[in-house]
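K.L.:
Next input, structure requested:
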Amino acid sequence: MKISLILLSLFLGKFAQGQWVDLWPGQAPGAKTPAAGSEKINEGGRYTDIEKPQYQFYPAPKDKATGAAVAIFPGGGYTILAMDHEGHAYAKWLNELGISAMLVKYRVSGKDDFGYFHPVPYLDARRAIRTLRSRAVEWGIDPQCIGVMGSSAGGHLASTCATRFRDVFAEETKDAIDQLDCRPNFAVLIYPVISFDGAIGHGGSLRRLLGPQPNAKEITALSGNLTVSAQTPPVFLVSTADDAVDCRNSLLFAAACKDHKVPVSLHLFESGGHGYGLNGKGEIAAWPGLLKPWILRVSVKK
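P.N.:
Numbering: from 1, shown residues only. Just a heads-up that it's a prediction; the model follows:
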């Protein structure tokens, strides 16, 4: 009986998490679909060699729902997706605040032959934002209260959404969803990769996103601090001085927001490292408490 109850509990927990839903009808644009069985889920819920870009939707409890929603992009150097602590955990935390969440399984791989270079992950991210808007009535979402939230390389992807939303790609399918606005209304960037400048950039993310021989134009175009504009939405940033992803990534992005009069909330802690998600130790453990009033203020229409 005890074993049966444990199995039932595990089953219900998995079921409650929801099912993966395809982001695109048919083949996703920008790269060929890899062979079935390519996708792997490694220890700690780390996904890689993504076969299809998909999402799981976490609706806010009806008695708490604010009408806001967030597309979540887990980190992993554009090689893996840290789906558990930078994905599912964030979605559940947002639900507690009354905010719906879409956890996005965007295309990443550590193998060049998958072809998941820019703009492939960005195409998936844009599609996620547009999908939230396309289903706003059905899901009880305000289409003008949709944000993005990303950690590490997922933070880079979220920053790209917040700065390069005017980009046009022939690869997109041009269906009804693709006609919708892909500019987020706010952005949460957690220990983000931002710049690809050699002095502070994250080499692994650069290699996976732009390939073995990126040119100067590509590096500039995808360094988020250089693409902030007056139309960039309000931004929340958190980083630590001892982060392996240099904290100057966050500082430069915040400075660019200041230059363009974009509301920005920057939180720099002395220590905490990288990849902590909601489970930081020491002073960095305070960051979710700082995000809570900010996200409720910027995401809910008065």
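K.L.:
Return the distance of stretch 182-200 from the chain's centre.
P.N.:
10 Å (Cα atoms, centre = their mean, to the nearest Å).
K.L.:
so for that stretch, what's the average pLDDT?
P.N.:
Averaging pLDDT along stretch 182-200 gives 97.
K.L.:
in the stretch 201-302 of the chain, which segments are predicted with low confidence?
P.N.:
Applying pLDDT under 70 to the stretch 201-302 of the chain flags residues 302.
K.L.:
Tell me which stretches of the stretch 151-300 of the chain form strands.
P.N.:
For the stretch 151-300 of the chain, strands defined by DSSP state E, counting those that start in this stretch occupy the ranges 186-190, 235-240, 264-269.
K.L.:
residue ranges for the helices of the stretch 51-200 of the chain, please.
P.N.:
89-96, 120-134, 136-139, 153-163 (DSSP state H, counting those that start in this stretch).
K.L.:
Out of those helices, which one sits most buried?
P.N.:
helix 153-163 (a mean of 30; mean count of other Cβ atoms under 10 Å). Where you see a C-beta, it was placed from the backbone N, CA and C, and this is true even at glycine.
K.L.:
Residue nearest the middle of this structure, spatially speaking?
P.N.:
residue 73 (2.1 Å; Cα atoms, centre = their mean).
K.L.:
from memory that residue sits against residue 159, does it?
P.N.:
No: using Cβ atoms under 8 Å, residue 73 is not in contact with residue 159, being 10.0 Å away.
K.L.:
what's the closest non-adjacent residue to residue 115?
P.N.:
Using Cβ to Cβ, 6 or more residues apart in numbering and skipping the chain neighbours, the partner closest in space to residue 115 is residue 31 (4.0 Å).
K.L.:
quick one: secondary structure of that neighbour?
P.N.:
coil (DSSP: H, G, I helix; E, B strand; the rest coil).
K.L.:
Would you convert the strands of the stretch 151-300 of the chain into a markdown table that also reports mean neighbour count and distance to residue 98?
P.N.:
A markdown table is the format used below for the strands of the stretch 151-300 of the chain (neighbours: other Cβ atoms under 10 Å; distance: least, Cβ to Cβ, whole Å):
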| stretch | mean neighbour count | distance to residue 98 |
| --- | --- | --- |
| strand 186-190 | 28 | 15 |
| strand 235-240 | 26 | 17 |
| strand 264-269 | 18 | 20 |
